[in-house]
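Trainee: okay, sequence plus prediction incoming.
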Amino acid sequence: MSELLDKTQIAGRRCALPAGDVKSVIELGAITPVPRSPDFIAGITALRSQALTVIDCRKALGLDPASWETDPRAAVVAVGGHSYALVVDAIEDIASGQTSPDSVPGGFGAEWTRVALGMVETAIGPGLLVDLAALIAGPAATGAAA
Amino acid sequence: MDRSPLGALRNMDDLLADFVAETREMLEASESEIIAWEANPGDGSRVDAIFRFVHTVKGNCGFLDFPRLAELSHAAEDALADVRAGRREPNAKLVTAVLAVIDRIVELVDAIEANGQCPGGEDTVLIASLSDQDEGDEISAVDEIASKRQLDHADPNPQSATANAQTTQRTIRLPVDLLDRVMSGVSDMVLARNDLAHRLREAGNQPTIDGPFERLTSILSDVRDAITRMRMQRIETLFSSLPRLVRDLSAELDKRVLIDLEGGDVELDREMIETVRDPLTHIIRNAIDHGIEPPSERLAIGKRESAFLSIAARQSGNTISIVVSDDGRGIDEERIAEKALATGLITPGERSAMDREKILQLIFEPGFSTAKEVSNVSGRGVGLDVVRENLERVGGSIKVSSTTGVGTLFTLQIPLTLSIIAGLTVQIAGQRFAIPQSYVEEIIHASSKALDLTRMGETSLVTFRGQRVPCLELADVLNLDPEASEGADRSMVMLRLASGDLFALAVDAIHSHGDIVVKPLAPAVMKSGLYAGSTLLDDGQPVLLLDVTNIASNYGLVSDARTRVLNDALETKTHHEERVQRAMLFTDFEGRRRAIRLEVVQRIETTPAEAIDLTSSRARVVIDGLILPLVGLPDGPIPAPKLRLLRLSDGASDLLYAVRAIEDAVELTQDLKPEPDDPLVEAITLVDDQTVALMDSHALFAQHGEASTPVARPTCRLPDGEWARTILAPLVNAAGYDVVEIGTPENECEIAIWFEDEYEAAKALDWEFTNPVIRLRDHPESGASDTIYRYDREGLTDALRKARISLKSSSADAKGEAA
């Protein structure tokens, strides 16, 4: 498997987003908050004439973002016909995946299992391949599923 | 309303082309499922897509009269239905047989596309192969089919290839994606233009750049309009195929149905039209198949022999609602409940807790169907569950309401995503939000005292036109801290819902209004139920569009359309329910206090005396481009330079009633004493211990009402020359005329303006003046008596107005004679 991956840091962990799904990386401008929406939705922002839903990936995992740095850039992904801007600790690099996603002994832990497709090895080390749809669904979905 | 047969007779070719295209599209969509099923015949979950495919083919060819296709697809559907119901285990033999049937369908569709008709042929072997009896010779039939199938794959039918090449396309089918890309590209351009405009303004005037920039701006707005129209289509295109569908179905099922279509001019996103097409067809089928009784049964229970099926589309705000109603037998709640119990959809405990309405909605559950027999037309519950699924996928909804014995009413709500609507921007807690303009009844800026803001428990009320109206604080709705402090002036947006309910929304400030492009929001945001979409302000800042209907219903401010329909039905039966009667109190020009029922009062107009035309026997006045009859004026000259007029409407026609003063809206609590002497007075009653004559609205409209016709803008020919074009034309335009080019044939304009000297010259040449002529002279001192000095604005306006009224009455006469 030689899929291109976008390496990022989410909540202090190295993660990989399928590069094919990442449309671009943008500097986050003004974010319009969305009152009474789930906590992990930071708001909406404009990318040219498009409106992007800004997702804080740390909160989407049910974790507190204050513990980590936040990259001023965001990765733009399209899921289910909608575009999202993902706020992460840091956007690092592009690398090609060298293995198929694989599970690790002992699992990924409660918050991570929901969004993990598995571990992939890349030239710059292993990363957790993220299921974007599951990530964007947010922590509420876990509650419903559990 | 469209009862004309023209709609029904949409070109058969178009129907066929649609059928072929739709079949191909569906097949393409289910191709992967078919392949997956072929690879693993035991996997029954793949069946659904294939089942829907054959089901749709069956339905479509049922009304296009392709019996061979219908038979094939029906057979495959039967077999697949068994698999879905678990009555049959899928196996390799079945897969092969079903796929062979699909291949045959594709062959036939190719042939239909090429020749416009279905070729004859024998399908018995194919159909027999679908049966699950294991008999030796049938296996050989399947083998034979299987080998033929492989052969087909290896060597695609040369005939169908040539047929494809021959088809001429009159329209282009474009992927919606592409349209979206163009659309968002244009939106981006508009934003870039705005940015550029901003910078140009900062840089100051630069004539060499400003000109081209203006041109760019106008081109851009043209392109934007065109793109928008590309996406929009009148719902008529969908409606036009319905009369035929209804006719064919009712013929097939031995029922008699009249179809009534309304609202064909409602415009809808093309994609939405396609999304609604199938659901609507399904509902109509269901209505005719299950809802409407056979003629004999209808006669027996005292209904008209022909049933009435009405399909009405309405736009309300950012939603289109399509209501399909029939006057059939209605839905039997008990049967639905029994069926749901039998299929395990609900438990007896749940059943007892459900009200009728909830039970009715069960028909949209997957796997539900009440048909006792499976007919060729509908059945098996593909349909309503899929209908709901399809609508919900685009953010729409469907509801059913029904009265046993009276009829059934399906309400489809579909959103207008990615369309342009008029919107109002409001501000709360420093953040802006947009509200669809169509909901906005009025904007009030007043102190809490003037609004009579009171709190009843947790609910706030304001007084609006003498009516207590619930008031929502947008800050509370959104859980934000408002900026405005208690007691300060408040901005209220009065919002009128599609259901007719009114409520006030308190905000901090009100900003601009204008066209906004509504973009869909991500599902997680939509879930909050507060927003209908997002849009970008001119500066590129995104704002959220409030979902007014949903917010109102969250706070229990909506009287549901269904309850209203049912209530209406009840009211027509029991008729009189005591309601508060309200009236508008006024003083007429004879100084009498009078009242008129508030229901007929549309609004209060103010008009200058000179807008009133007293030349004919009946006074008239032009308001909003409509010529309306005017009553209530005293004899003699018009008493005031400005007149207050009550605009009354009976729904069909408007009438103006001139009054000296308007007092207030009052409730008629006292007895109404009929007044037989004055035909225009319905009754005498007491308001605040004084007698008031209540006008008889019926008599008023009977005597004075006339259907208000829009002032068709008559055309006016102007003399040649720069003066006429630049100075005269705007005046003529403002007087309600369309200006036509010089050189337009005389008979294509209705009135002509000539310069005196040119007129004389033309007359000398025996020019035939077929139309009224207004002549202009160059000098203020009077020339010929019937000429007007060219700068005598009043004289000219007056002449134009008189000419128009005489045109109007002569055309009305002509109509009268024709009738």
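Mentor: In hand now; what should we look at?

Trainee: measure B:Ala583 to B:Leu700 for me?
Mentor: Distance of B:Ala583 to B:Leu700, given as C-beta to C-beta, to the nearest Å: 13 Å. All C-beta atoms are positioned from the backbone trio N, CA, C, and that covers glycine.

Trainee: to clarify, my last question referred to B:Gly204.
Mentor: According to C-beta to C-beta, B:Gly204 and B:Leu700 sit 61 Å apart.

Trainee: give me the nearest residue to B:Glu293, chain neighbours excluded.
Mentor: Excluding the flanking residues, the one nearest B:Glu293 by C-beta to C-beta, 6 or more residues apart in numbering or on different chains is B:Arg329, at 5.3 Å.

Trainee: that neighbour belongs to a strand?
Mentor: No: judged by DSSP: H, G, I helix; E, B strand; the rest coil, B:Arg329 forms no part of a strand; its state is coil.

Trainee: who touches it in this structure?
Mentor: Neighbour list for B:Arg329: B:Gly291, B:Ile292, B:Glu293, B:Thr404, B:Gly405 [criterion: C-beta atoms under 8 Å, 6 or more residues apart in numbering or on different chains].

Trainee: in those residues, find the pair that's most separated.
Mentor: With C-beta to C-beta as the measure, no two of the contacts of B:Arg329 lie farther apart than B:Ile292 and B:Thr404, at 14.2 Å.

Trainee: look at the two and report which has more neighbours.
Mentor: In this view B:Ile292 and B:Thr404 are compared by other C-beta atoms under 10 Å in any protein chain shown, and B:Ile292 has more residues nearby, 28 against 13.

Trainee: residue of chain A nearest chain B, please.
Mentor: Closest to chain B within chain A is A:Ser49: 3.3 Å, counting by C-beta to the nearest C-beta.

Trainee: run a quick neighbour tally on that residue.
Mentor: 21.

Trainee: list the contacts of the nearest residue to it once chain neighbours are set aside.
Mentor: Leaving out its chain neighbours, the residue that sits closest to A:Ser49 by C-beta to C-beta, 6+ apart is B:Ser187, at 3.3 Å. With contacts defined as C-beta under 8 Å, 6+ apart, B:Ser187 is in contact with A:Arg48, A:Ser49, B:Arg224, B:Val517, B:Leu536.

Trainee: could you export these as TSV, including pLDDT, secondary structure and distance to B:Phe66?
Mentor: What follows is the contacts of B:Ser187, written out as TSV (pLDDT from 0 to 100; DSSP: H, G, I helix; E, B strand; the rest coil; distance: C-beta to C-beta, whole Å):
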residue	pLDDT	secondary structure	distance to B:Phe66
A:Arg48	75	coil	48
A:Ser49	71	coil	46
B:Arg224	77	helix	43
B:Val517	73	strand	43
B:Leu536	81	strand	49
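
Trainee: using PyMOL, define a selection of the buried residues within the residues you listed.
Mentor: Burial among those is assessed by 16 or more other C-beta atoms under 10 Å in any protein chain shown; the matching PyMOL selection reads:
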select buried, (chain A and resi 49) or (chain B and resi 224+517+536)
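
Trainee: close to chain A, is stretch B:531-551?
Mentor: Yes: for a cut-off given as C-beta under 8 Å from any C-beta of the partner chain, stretch B:531-551 has contacts with chain A, namely B:Tyr531, B:Ser534, B:Thr535, B:Leu536, B:Gly540, B:Gln541, B:Pro542, B:Val543, B:Leu544.

Trainee: how about the third one, nearest residue that isn't a chain neighbour?
Mentor: It stands for B:Thr535. Counting by C-beta to C-beta, 6+ apart, the residue nearest B:Thr535 is B:Ile516, at 4.1 Å.

Trainee: right, and the one you found touches B:Ala532 too?
Mentor: No: B:Ile516 lies out of contact with B:Ala532 (C-beta atoms under 8 Å); the separation is 11.1 Å.

Trainee: A:Ile55 versus A:Leu135, what's the distance?
Mentor: A:Leu135 sits 7 Å away from A:Ile55, going by C-beta to C-beta.

Trainee: now swap in B:Pro415 and tell me
Mentor: Computed as C-beta to C-beta, the B:Pro415 to A:Ile55 distance reads 23 Å.

Trainee: do the same with B:Leu391
Mentor: Distance check for B:Leu391 against A:Ile55: by C-beta to C-beta, it reads 27 Å.

Trainee: so which of these two has more stuff around it?
Mentor: Shown here are B:Leu391 and A:Ile55; by other C-beta under 10 Å, A:Ile55 has more neighbours (29 against 21).

Trainee: show me the strands in the stretch 401-550 of chain B, by range?
Mentor: Counting by DSSP state E, counting those that start in this stretch, the stretch 401-550 of chain B has strands at residues B:407-415, B:420-428, B:431-436, B:440-447, B:454-456, B:459-464, B:467-473, B:489-496, B:502-507, B:509-517, B:531-536, B:542-546.
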